[in-house]
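Novice: coords please:
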Amino acid sequence: MEKFDLSQKENTRFWVFSPDGTFDLRDEDTKKPLSDLDLTIKHLILVEQREEGRDDWTLDDKVIRSRLVADLKKQTEATDAGPSDKKIVPYNLRSHSDRPRDISSGGPTHGLVGLGNLGNTCFMNSSLQCLSNIPELTAFFRSGNYEKDINPHNPMGRQGDIARIYASLVDELWNDDTRTSVYPNRFKSTLSRQTSLFNGAQQDAQESLQYIVDCLHEDLSRVKKKPYTEYKDPPEGTTAQKHADDTWALYRGREDSIIVDLFHGQIRSSIKCPDCKKLSVTFDPVVYYSLPLPTNNMKKLAYTFIPYETNGRPSAEKLIISKNSSVEELLKKISEQVRVNSEYLVLVTLYEHRVTHVRKDKPCDDFSDRDRILVYQTAQPLEDRKFIPVLVYLRKLKDPSKVVTLSSGNGTLFEYPFMLSLPAEGLFARKLYHLVFSKLGRKLHAPTKSGDGVVKTEAMEQDNPNDGENRPPGSIVVKTDDEDASAAEDVEQVPSVPDIFTVSSINAYGSMENQRYQNVAGERVTFLPGREHFLSVNFEEAALKKYWKDTNDMPAEDLRWAASGNRSGPTDLVELRDCFQLYTCPERLGQGNLWRCPVCKEEKAALKKLDFWRLPKYMFVHLKRFQYSRFYREKLSTKVKFPRKGLDLSELLSNPLEVPALYDLVAISCHSGGLGGGHYWAVCKNAEDNAWYKFDDTQVRPASDSDIENETNPYILVYRRRTVGGGSAEVNMEVE
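Specialist: Residues are numbered from 1 along each chain as shown. Down below sits the predicted model:
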């Protein structure tokens, strides 16, 4: 028994495995002589040791115990050896995989080795296990290839000390030894000589990960002498792609290592002066993506985007933005989501089919949870004064001969308003009817007669007289001054439409009709400048029943999602996508962090925006749970739902050459407890058997799907980018 430390009897107990397959706890027999235990050479005695600092026993877990019994049965069936052939071998109960294991060799799966806690070092152990389960990095060190990259002359490095001691530790974690855990004493002492981060007190796993990765980069730098480089603004007319590529080439000329190959990416940083509109763009390297968590200063908004084109379908969208953000900033964020320039977007709030506000300059905090937010795309930029965006209501009339007021009960709004971009001048009623009919084409069972002036619905749906290359669908031809004189004659050429509805000018609330236009060529339609304009399309009940298709394609509202983050208390549950959106959300620089505009020659509270440009093979995603200021310190306990497969960052990319941008999870560092201490552990995917395991200091056990899905308090997430073919490339972890 000299192979085991049995000095602490309260942490040791005995089991007996019998030839008939029974497995019994024999604690009551510990003081009896072996001759009194009725054992034969076919019996196996097992000594279970309880992990230091734990109150529970591993074999109390029925799943682990049943797996061990299955292994023991296979082992006894495979050999008839006697007691002289038996070995006293350690067996890691918490490192079991679903594949058969040979308990005399420690099993086929490598890397299932815990790290002993050296006194408040769980933060270091957690970050080391995450790094260890990055297969390319581990294979690089185990193969010995790191030795040729060691740069002992790099003044920013540690003469290769960190790289060598890390390689030694990786070998201990991944070799064929049967140890269930190792104590990283030499690794910790080497780091402690370089920094106070590892000198005993509980520290931050993100800081630990960052320090180790940065040290490995400098120790393994392939650049023996870094060239002097000076950043210069690119010449006027330089494309963003060339600017980014040139900046990246300069960076790689000074920074080149296995760490850069695997973990370094590039972000685009844009800063715009609020006064002169000077836009400054830089492309910066990035390794760690520190994402903010939604707080009480953030607001979750759900909105519906309605494209202008006839065949477009409304889509339900979500975002998180600062409560102090303006509608202008909100529209810029929406613009990135829906990929439509913000100059083509109009935001309104709707309540019971009525537009309550056309939002322009209010802060986002003014939005009520009951507001339904609609974002319309227009055909022309809002600054184009030749066109006017007009919202068009849909109304059902009981008696079209009467003056229409909703209060009289004669008119009822249905579905949701749609958007038309109409000429500010030179518009006649017949052209207006034609445009409305074109817009509603797919919603109507319209007559399809020919030869009598009635146009087929299909033709109306496709009608787009200004279908230029750079103009959105549904745009309208603007007549030149020379053509304006013949506008009345030209409108006679506009095909007539069926008399199945009428068009009226109406007030913003949709309750009072101002003027009803006749479907004739000579009636001119005019709009007063400097105000919002509304029309209504009016259907008699019989016409509506005959011609209207019941095709309400407005997506359902997700009111619960928006309300969940807008309470007075902290946000309960957010998606990782929400955090990425906050990371790329435009930010107004505050006092102490002002930007000096090169044009104005003054410090300005500029608007700063980050975008993904060049994505790394592996992404370290750090959730900023720990908040510090001059007045308070706190840990955010917000639960975060994260995808294990298919994290899609495409909508956050500014570089079209980087698509697709799909990532799969490979490791998680988790934290429980408060600011002053708490505990770290890791959950990682093993590259050999593709199974997940929980690494809790010295203890290693399989992690089920539910274990990972229920882990809603991650601190660091490590994602691996998919290959172009759509899968994750297999990495050979075997080293000869």
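Novice: helix/strand/coil for Ser335?
Specialist: Secondary structure, DSSP: H, G, I helix; E, B strand; the rest coil: Ser335 is helix.
Novice: And the pLDDT at the closest residue to it other than its chain neighbours?
Specialist: Spatially, and ignoring its direct neighbours in sequence, Ser335 is nearest to Ser342 (4.0 Å; C-beta to C-beta, 6 or more residues apart in numbering). Glycine gets a C-beta too; all of them are placed from N, C-alpha and C. You'll see Ser342 listed with a pLDDT of 89.
Novice: How many residues are close by Ser342?
Specialist: 19 (other C-beta atoms under 10 Å).
Novice: same question, Gln266
Specialist: Look at Gln266: counted by other C-beta under 10 Å, it has 20 neighbours.
Novice: Just give me the residue closest to the centre of the protein.
Specialist: Arg577 (2.9 Å; C-alpha atoms, centre = their mean).
Novice: In three-state terms, label it for me.
Specialist: helix.
Novice: mind checking how far it is from Asp648?
Specialist: Distance, Arg577 to Asp648, by C-beta to C-beta, to the nearest Å: 8 Å.
Novice: What of Ser189?
Specialist: Using C-beta to C-beta, Ser189 is found at 43 Å from Asp648.
Novice: do the same with Asp384
Specialist: Computed as C-beta to C-beta, the Asp384 to Asp648 distance reads 34 Å.
Novice: can you check Asn185 too?
Specialist: Between Asn185 and Asp648 the computed distance is 43 Å (C-beta to C-beta).
Novice: out of Asp384 and Asp648, which sits in the busier spot?
Specialist: More crowded of Asp384 and Asp648, by other C-beta under 10 Å: Asp384, with 16 against 13.
Novice: Relative to Gly312, how far out is that one?
Specialist: Distance, Asp384 to Gly312, by C-beta to C-beta: 20 Å.
Novice: same check, this time on Lys226
Specialist: Applying C-beta to C-beta, the value for Lys226 to Gly312 is 52 Å.
Novice: Show me the helices in the stretch 551-700 of the chain, by range?
Specialist: Secondary structure of the stretch 551-700 of the chain by DSSP state H, counting those that start in this stretch: the helices cover 559-564, 576-583.
Novice: Could you do the stretch 201-350 of the chain as well?
Specialist: Listed in chain order, the helices of the stretch 201-350 of the chain (DSSP H, counting those that start in this stretch) span residues 205-219, 240-254, 258-263, 327-338.
Novice: Met512 is nearest to which of those?
Specialist: Nearest to Met512, of all these, is helix 327-338, at 26.8 Å by C-beta to C-beta.
Novice: In the stretch 401-550 of the chain, where is pLDDT below threshold?
Specialist: Within the stretch 401-550 of the chain, the segments meeting pLDDT under 70 span 401-410, 446-495, 529-530.
Novice: can you pull out the helices in it?
Specialist: Using DSSP H, counting those that start in this stretch, helices in the stretch 401-550 of the chain cover 429-439, 457-462, 481-484, 487-491, 541-547.
Novice: How far off centre is the longest one?
Specialist: In terms of C-alpha atoms, centre = their mean, to the nearest Å, the centre of helix 429-439 is set 43 Å apart from its chain centre.
Novice: Tell me who's in contact with the residue nearest to Glu575 when sequence neighbours are not counted.
Specialist: Spatial nearest neighbour of Glu575, excluding adjacent residues (C-beta to C-beta, 6+ apart): Lys641 at 5.0 Å. Contact analysis of Lys641 by C-beta atoms under 8 Å, 6 or more residues apart in numbering lists Leu573, Val574, Glu575, Leu576, Thr712.
Novice: Show me which of these are buried.
Specialist: Neighbour counting by 16 or more other C-beta atoms under 10 Å classes Val574, Leu576 among the contacts of Lys641 as buried.
Novice: Which one of the contacts of Lys641 is nearest to His357?
Specialist: Of all the contacts of Lys641, Val574 has the smallest distance to His357: 27.3 Å, by C-beta to C-beta.
Novice: Name the nearest residue to that closest one, ignoring sequence neighbours.
Specialist: Pro294 (5.3 Å).
Novice: can you count the residues close to that neighbour?
Specialist: Here the number of neighbours of Pro294 (other C-beta under 10 Å) works out to 22.
Novice: again with the one 4 residues further on
Specialist: Here the number of neighbours of Met298 (other C-beta under 10 Å) works out to 22.
Novice: hmm, back to that, between the contacts of Lys641, which sits nearest Gln518?
Specialist: Lowest distance from Gln518 to the contacts of Lys641 (C-beta to C-beta) belongs to Glu575, with 52.3 Å.
Novice: Relative to Leu319, how far out is the closest one?
Specialist: With the distance defined as C-beta to C-beta, Glu575 ends up 11 Å from Leu319.
Novice: Repeat that for Thr712.
Specialist: Thr712 is 21 Å from Leu319, by C-beta to C-beta.
Novice: pLDDT score assigned to Leu293?
Specialist: Checking the pLDDT column for Leu293, the value is 84.
Novice: right, and Gln206 touches Val287 too?
Specialist: No - with contact defined as C-beta atoms under 8 Å, Gln206 does not reach Val287; the gap is 11.5 Å.
Novice: Compare these two (neighbour count), which wins?
Specialist: Shown here are Gln206 and Val287; by other C-beta under 10 Å, Gln206 has more neighbours (22 against 18).
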